[in-house]
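>>> Provide a 3D model corresponding to the input given below.
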Amino acid sequence: MELKVKQGGEIEKIEKITGYQLPNKFKIVGLVLFVVSVLSIITSLKLYLVGVKHYDLFERIALTNMVLGLLIISISREKIEDELIAKIRLQSYNYAVIGTVLLYLILPFIHYAITFSFSSTPKIEGSKDIPLLAVMLAIQIITFKKLKRAYNEE
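Numbering: from 1, shown residues only. Predicted structure coming up:
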C-alpha cells in the first residue's frame with residue numbers, strides 16, 4: 001500500500017481521530033460511571049424523583065452518563081495492545097454498527113405488529129435517531145473513500 005504524497009496528511013488526520021485511545025486505567029472509570037448511572041436510573045430516579053419538576057433532565061443526565069461510561073470502556077486500551085486486539089476491536093465496532101442500524105430499522109415494525117395484535121388503532125412509530133444513524137453511515141462512507149483514495153487502492 002503506497003501512499004500518495006498529497007494524501008498522506010489526510011491519513012494522519014483520520015488516524016489521529018480514529019486511533020485515539022484512553023489508557024487502560026480508564027476502563028475502571030467507565031465501569032464505575034456506567035454502574036452508578038444504571039443504579040441511579042433503577043433506584044433513586046424511579047423512587048424519589050418521579051414527581052420532581054426536572055425529572056426528565058435527571059433521567060437524561062443519567063442516560064448520558066451511562067452511554068459515556070460505555071464509550072470510555074470502549075475506547076480504553078487493553079493491557080497488551082497489538083495487531084490482533086486492533087483487528088478484534090475493528091470487527092466489534094463493525095458488528096455493533098451493523099447490528100444497531102438493523103435493530104433501529106426493524107424495531108418500528110416489531111412494535112407495530114405487537115400493537116396491531118393488542119390495539120384497535122395501531123400506529124407505526126419510528127425512532128427519532130434515524131437521521132443520526134444516516135449521518136454516522138455517511139461519515140463512514142466518506143472516510144472509507146478518502147482512505148481508499150489515500151492508499152491508492154481506487
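>>> From the centre of the protein, point out the most distant residue.
Largest separation from the mean C-alpha position in the chain: Ser120, at 36.0 Å (Cα atoms, centre = their mean).
>>> Quick one: classify that residue as helix, strand or coil.
Following DSSP: H, G, I helix; E, B strand; the rest coil, Ser120 is assigned to coil.
>>> where do the helices sit along this structure?
8-18, 26-39, 46-48, 55-74, 83-118, 130-150 (DSSP state H).
>>> Need those in JSON lines (columns: mean neighbour count and distance to Ile124).
(Glycine included, C-beta is placed from N, CA and C.) Below are the helices of the chain laid out as JSON lines (neighbours: other Cβ atoms under 10 Å; distance: least, Cβ to Cβ, whole Å):
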{"stretch": "helix 8-18", "mean neighbour count": "12", "distance to Ile124": "36"}
{"stretch": "helix 26-39", "mean neighbour count": "16", "distance to Ile124": "30"}
{"stretch": "helix 46-48", "mean neighbour count": "10", "distance to Ile124": "29"}
{"stretch": "helix 55-74", "mean neighbour count": "15", "distance to Ile124": "24"}
{"stretch": "helix 83-118", "mean neighbour count": "12", "distance to Ile124": "4"}
{"stretch": "helix 130-150", "mean neighbour count": "12", "distance to Ile124": "13"}
